[in-house]
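> Fold the following, please.
(one chain, ligands or ions: 2)
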Amino acid sequence: LFAAPSDFLKGVVAMDGLPPADRIELCFAGRSNVGKSSLINALTGRKGLARASNTPGRTQEINFFTIGEAHYLVDLPGYGYANAPLKVVEKWQRLLRQYLSGRQSLRRAFVLIDARHGIKAVDEEIMTLLDSAAVTFQAVLTKTDKVKGKDREKVLAQVREKLSAHPAAYPEIVLTSSEKGDGIATLRAIIAELE
Ligand code: GTP
Ligand code: MG
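Ligands and ions are numbered 1, 2, ... in the order given. A predicted model of the protein is given here:
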């Protein structure tokens, strides 16, 4: 699948702007700055495809990327970000929730978790929403290049334990580093298998 060309399709600011639900759709959700856009760039092998930046709140629209003829990858605005005007944040957060609970063609949500921090209360809220909407989700640890050994094991244990309480959670956790490329081939294979 990832040998096929990838491209930016559009940025969406309201539900009525969503493209037709006629492709296999995977989305990347997670706290602000967790590495969603960087992961899409790593997966597609195109560095500047999704805009990544050290400024939290970089992605403010729902960005659709095509891979080949049959798939969308969706880069979502981050959640849990407090440093933007409240009205603006409320707008993306509402859209994010509407999208996650109401998108028919969404096959799986990848919920990204910073390997240094583990699952936080805001992640739990999103996971609970995905449970309610019966959207299968899979946890992806990001920035694993920043934690090693026992610290990493501790976070993994926390994530495993928290996931076990969520009926929509897929049990396998994917460990990734967009920086080093770790886990990228694994995640590509998981995505390519979804129909
Ligand atoms: P928002 O759009 O603001 O929600 O952020 P995002 O989740 O899209 O994060 P983004 O991809 O923009 O990355 C945030 C910062 O983390 C950037 O400075 C990235 O370079 C850095 N980053 C992302 N992935 C990794 C990784 O695997 N390792 C390391 N060390 N840094 C990373
Ligand atoms: Mg982003």
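> Would you check how far apart the residue lying farthest from the centre of the chain and Ala42 are?
Summary for the chain: using CA atoms, centre = their mean, the residue whose C-alpha lies farthest from the chain's mean C-alpha position is Lys150, with a distance of 25.5 Å. Lys150 sits 26 Å away from Ala42, going by CB to CB, to the nearest Å. For the C-beta atoms, the positions are set from N, CA and C on the backbone; glycine is no exception.
> before we move on, what about Ile190?
The spacing between Ile190 and Ala42, counted by CB to CB, is 14 Å.
> circling back to that earlier point, and the residue farthest from the centre of the chain, what is it in contact with?
Applying CB atoms under 8 Å, 6 or more residues apart in numbering, one finds that Lys150 lies in contact with no residue.
> any idea of the pLDDT on it?
At Lys150, the pLDDT value in this model is 97.
> distance between the helix or strand harbouring it and the chain's centre?
Of the helices and strands defined by DSSP states H and E, Lys150 is found in helix 149-163. Using CA atoms, centre = their mean, to the nearest Å, we find the averaged C-alpha position of helix 149-163 to lie 19 Å away from the chain's own average C-alpha position.
> how about that helix as CSV, C-alpha atoms only?
Once side chains and other backbone atoms are set aside, the C-alpha atoms of helix 149-163 remain, and they are given as CSV (Å, rounded to 0.1, in the frame of the first residue of the first chain):
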residue,chain,number,x,y,z
GLY,A,149,14.7,0.3,29.4
LYS,A,150,12.8,0.4,32.7
ASP,A,151,11.1,3.7,32.1
ARG,A,152,9.7,2.5,28.8
GLU,A,153,8.5,-0.7,30.4
LYS,A,154,6.7,1.2,33.1
VAL,A,155,4.8,3.3,30.6
LEU,A,156,4.0,0.2,28.5
ALA,A,157,2.6,-1.5,31.6
GLN,A,158,0.4,1.6,32.4
VAL,A,159,-0.8,1.7,28.8
ARG,A,160,-1.6,-2.0,28.8
GLU,A,161,-3.5,-1.7,32.0
LYS,A,162,-5.6,1.3,31.0
LEU,A,163,-6.4,-0.2,27.6
